[in-house]
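S.K.: 3D, please:
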Amino acid sequence: MKSIIKYITCITIAASATVLLYAQTADQIYKAAGSPANPKVQVSWNHYNDHAGIGELLKRIVKAYPGLAKLESIGKSYQGRDLWCIAITDYSKGSPDKKPGMYIDGNIHANEVQGAEFAMYTAWYLTESFNDTKFIQELLADKIFYIVPTINPDGRDDFFKNPNNMHSPRSGRIPVDNDRDGLVDEDGYDDLDGDGNITQMRRKNPNGRYKIDPSNPNSMVEVGVDEKGSYDLLGFEGIDNDGDGLINEDGDQFEYDPNRDWGWNWQPNYVQGGAYKYPFSLPENRAIEEFVMKHPNIAAAQTYHNAGGMILRGPGAKEDADTYNDADVEVYNAIGKKGEELIPGYKYLVVYKDLYSVFGGELDWFYGGRGVYTYSNELWTPYLMFNKDASRDPNENDNFEFDRYLLFKDAFVEWHEYNHPQYGKIEIGGFKKNFTRAHPGFLLESDAHRNMAFTIYHAYHTPKLEIDTIMEKDLGDGLKEVTVIIGNKRLMPTHSSQDLKYKIERPDYITLTGARVIAGMTVDNENPIATVEQKNNPSTVEAENIPGLGAITVRWIIQASAKYTISVDSHKGGAVSKSK
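M.R.: Numbers count the residues shown, from 1 in each chain. As a prediction, this is how the structure comes out:
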């Protein structure tokens, strides 16, 4: 027994020595441009994380960078999982609540998993790059990022841990009676071969409408109208569990759509398939709504979906087209078109015109209900397979070729026989759940970086206010005229047109302190003698808006004072001050 223990101890020591021997030191690493050279939080971005893994990674980031990252649970999912939000900013520079905010989330649909990794990559990159990248230092001095990697943690874990296909589940885990027979989830998918994937079923039939692709024995193609086939396609793996003659008609794959639950242009299920009970009836969406309402500094938002390589803006429905004011569309277009340059293969599109109609979507609630410029990126595009133009729905052979030459047939379950209780002898096979919508591992980090760069560009163009000029004029009799120009150095105004239309946020406050104010007024920039006096509380002038890449002018009449301070307080534009 002692000899065995001694042997195991020697192996352990030898293994430890090997680890120490091959551990790289900082001087052995040469920085690649644009990447953290020797990160404190060592993490691989070529795989996916379950909910526990997400929480662990976020906690590691906060522990490594307490001055840049703070973590909180902003609510609970239906099954009680935390909705983690990591807030990234330079906490040594100003009040975080007074900085323009960029909100990012992902994975609202259970099977659309890579959005969580893209969101976490953003948090990791911002913190790890802070010390040696001046741009990131300046960005985090001015802005704050609120990042919620997954807003559907129940569905996410179900996708990973239970048999599914690439399309299931889309919803969360609240049970729903899809076929209205008084039972819940009694006839969902069945993993017939027990491999953890729900793939396709096919059956030989001399009168079938499909045949094996002559160029690819794993691919099925539909025969022509004047041609007889040799197979039937029977759909995804499953059996008739409840004896009603149907297969897979009542499971948890498509019970409800969490992205039809938001409180803008919401429609019931008979109009908008997938709608749940009423706006914000889902606990996860309600938690996001409450968080956003508590953070009026959120000026921009990004939500990650898959797939298709799209940078989407609203409106989701044609009926809402007039909501998107021309001035706001100009901002959307400038940022969205830059996104096409930053993310090759992605197209900037409008939901209702270029995709399909969506009522009650998150994208429209952020803009319509909160006045926040928001994009929804559909992650993964066939372009990435061979770096060439491809439609959003590629020829299936492209997937086979990519799997064969770059994934080495790791993404496909070869067709094999199975004795089905209803269909008899069939064959099972097809692409696994981790391919065709989700990124392969080696492409995950590069696309995460490009999408992150787009969100950083978006965040950069939230308002940045500066007090450009303070001019004084002696009026005599102990009075002084003080004229101040406040500039906005970025593309977005402090209030979108939608914000102004519905007065969603309060005006921007420009305040003079340190002197007795006799009168306060706004000034027409084109005609400096044209003013509008604010008769109530003249020391704080209320400005309706500070335009993007523009300026406003305010003026006070004060009793002469040697020193005074001008301060600007804008919910979405931040806070600045200057003393004279």
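
S.K.: so who does Pro547 touch?
M.R.: Listed by C-beta atoms under 8 Å, 6 or more residues apart in numbering, the contact partners of Pro547 are Asn488, Pro493. Backbone N, C-alpha and C define where each C-beta goes, glycine included.

S.K.: Poorly predicted segments of this protein, please.
M.R.: 1-23, 178-187, 251-254, 390-395 (pLDDT under 70).

S.K.: quick one, helices of it?
M.R.: Assigned by DSSP state H, the helices in the chain fall at 2-22, 51-64, 114-129, 134-142, 153-161, 283-293, 326-342, 351-354, 362-364, 370, 383-386, 396-405, 441-460, 497-502.

S.K.: got CSV for these, with distance to Arg260 and mean neighbour count too?
M.R.: Converted to CSV, the helices of the chain look like this (distance: least, C-beta to C-beta, whole Å; neighbours: other C-beta atoms under 10 Å):
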stretch, distance to Arg260, mean neighbour count
helix 2-22, 50, 9
helix 51-64, 23, 18
helix 114-129, 17, 26
helix 134-142, 34, 16
helix 153-161, 15, 23
helix 283-293, 10, 19
helix 326-342, 22, 16
helix 351-354, 13, 16
helix 362-364, 9, 26
helix 370, 18, 25
helix 383-386, 29, 18
helix 396-405, 29, 16
helix 441-460, 24, 20
helix 497-502, 21, 18
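
S.K.: what would the ones you listed look like in a markdown table with distance to Asp250?
M.R.: Formatted as a markdown table, the helices of the chain follow (distance: least, C-beta to C-beta, whole Å):
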| stretch | distance to Asp250 |
| --- | --- |
| helix 2-22 | 52 |
| helix 51-64 | 26 |
| helix 114-129 | 28 |
| helix 134-142 | 49 |
| helix 153-161 | 16 |
| helix 283-293 | 23 |
| helix 326-342 | 40 |
| helix 351-354 | 30 |
| helix 362-364 | 27 |
| helix 370 | 37 |
| helix 383-386 | 35 |
| helix 396-405 | 29 |
| helix 441-460 | 34 |
| helix 497-502 | 40 |
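
S.K.: Among these, single out whichever gets nearest to Cys85.
M.R.: Proximity to Cys85 (C-beta to C-beta) singles out helix 283-293 among the helices of the chain, at 6.8 Å.

S.K.: Which strands or helices does that closest one pack on?
M.R.: Counting contacts by 3 or more C-beta pairs under 8 Å, 6 or more residues apart in numbering; DSSP states H and E, helix 283-293 packs against strand 69-76, strand 82-88, strand 144-148.

S.K.: thinking again about what came up before, which one of the helices of the chain lies closest to Ile529?
M.R.: Going by C-beta to C-beta, the one of the helices of the chain nearest Ile529 is helix 497-502, 25.8 Å.

S.K.: Now do the closest one: which elements does it pack against?
M.R.: Using 3+ C-beta pairs under 8 Å, 6+ apart, helix 497-502 sits against helix 326-342.

S.K.: and the direction of the helix it packs on versus that of helix 441-460, what angle?
M.R.: If you take axes from the mean of the first three to the mean of the last three C-alpha atoms, to 10 degrees, helix 326-342 sits at 150 degrees to helix 441-460.

S.K.: Kindly reformat the helices and strands packed on helix 283-293 as a markdown table containing distance to Ala317.
M.R.: As requested, the helices and strands packed on helix 283-293 are exported to a markdown table (distance: least, C-beta to C-beta, whole Å):
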| stretch | distance to Ala317 |
| --- | --- |
| strand 69-76 | 28 |
| strand 82-88 | 27 |
| strand 144-148 | 25 |
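
S.K.: what's the most buried one of those?
M.R.: Mean neighbours per residue, mean count of other C-beta atoms under 10 Å, is largest over those for strand 144-148, with a mean of 25.

S.K.: Parallel or antiparallel, which strands does that one pair with?
M.R.: strand 82-88 (antiparallel), strand 101-106 (parallel) (DSSP bridges).

S.K.: Thr122 is nearest to which of these?
M.R.: Thr122 lies closest, by C-beta to C-beta, to one member of those: strand 101-106, at 6.3 Å.

S.K.: Tell me the buried residues in that closest one?
M.R.: For strand 101-106, the neighbour count (16 or more other C-beta atoms under 10 Å) marks Gly101, Met102, Tyr103, Ile104, Asp105, Gly106 as buried.

S.K.: got a list of what the second one touches?
M.R.: Shown here is Met102, whose contacts under the criterion C-beta under 8 Å, 6+ apart are 143-146, 298-302, 455, 458-459, 462.

S.K.: quick revisit: please name whichever of the helices and strands packed on helix 283-293 is nearest to Gly361.
M.R.: The nearest among those, by C-beta to C-beta, is strand 144-148 at 16.8 Å.

S.K.: between that closest one and strand 69-76, how many degrees?
M.R.: Using the same axes, to 10 degrees: strand 144-148 against strand 69-76 is 40 degrees.

S.K.: Put the alpha carbons of strand 144-148 into CSV.
M.R.: Extracted in CSV, the C-alpha atoms of strand 144-148 (Å, rounded to 0.1, in the frame of the first residue of the first chain):
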residue,chain,number,x,y,z
ILE,A,144,-20.6,52.5,-18.8
PHE,A,145,-21.4,49.1,-20.3
TYR,A,146,-24.3,47.1,-18.7
ILE,A,147,-23.9,43.5,-20.0
VAL,A,148,-26.4,40.7,-19.4
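
S.K.: orientation of it relative to helix 114-129 in degrees?
M.R.: Angle, strand 144-148 to helix 114-129, by the same axes, to 10 degrees: 140 degrees.

S.K.: Okay, angle between strand 144-148 and helix 283-293 too, please.
M.R.: Per the same axes, to 10 degrees, the angle that strand 144-148 makes with helix 283-293 is 170 degrees.

S.K.: Need the contact partners of strand 144-148.
M.R.: For strand 144-148, the external contacting residues (C-beta under 8 Å, 6+ apart) are 74, 83-89, 96, 99-106, 119-120, 122-123, 126, 288, 291, 295, 297-298, 459.

S.K.: if we can go back for a sec, mind checking which of the helices and strands packed on helix 283-293 is nearest Gly441?
M.R.: Checking those against Gly441 by C-beta to C-beta gives strand 144-148 as the closest, at 21.8 Å.

S.K.: now the closest one: how far from the chain's centre is it?
M.R.: Centre-to-centre, strand 144-148 and its host chain are 10 Å apart (C-alpha atoms, centre = their mean, to the nearest Å).

S.K.: so how many other residues sit close to the closest residue in space to Tyr276 that isn't next to it in sequence?
M.R.: Of all residues not flanking Tyr276 in the chain, Tyr256 sits nearest, at 4.7 Å (C-beta to C-beta, 6 or more residues apart in numbering). For Tyr256, the neighbour count with other C-beta atoms under 10 Å is 22.

S.K.: repeat for Ile470
M.R.: 15.

S.K.: so who does it touch?
M.R.: By C-beta under 8 Å, 6+ apart, the neighbours of Ile470 are Val482, Thr483, Val484, Ile566, Lys578, Lys580.

S.K.: Pull out the buried members of these.
M.R.: Buried members of the contacts of Ile470, scored by 16+ other C-beta under 10 Å, are Val482, Thr483, Val484, Ile566, Lys578, Lys580.

S.K.: Tell me which of these fall in strands.
M.R.: Per DSSP state E, strands hold the following members of the buried ones among the contacts of Ile470: Val482, Thr483, Val484, Ile566, Lys578.

S.K.: Now the two most distant members of the residues you listed.
M.R.: Longest span within those, C-beta to C-beta: Thr483 and Lys578, 13.4 Å.

S.K.: with the ones in strands among the buried ones among the contacts of Ile470 in mind, which one is nearest to Ile343?
M.R.: Lys578 (38.7 Å).
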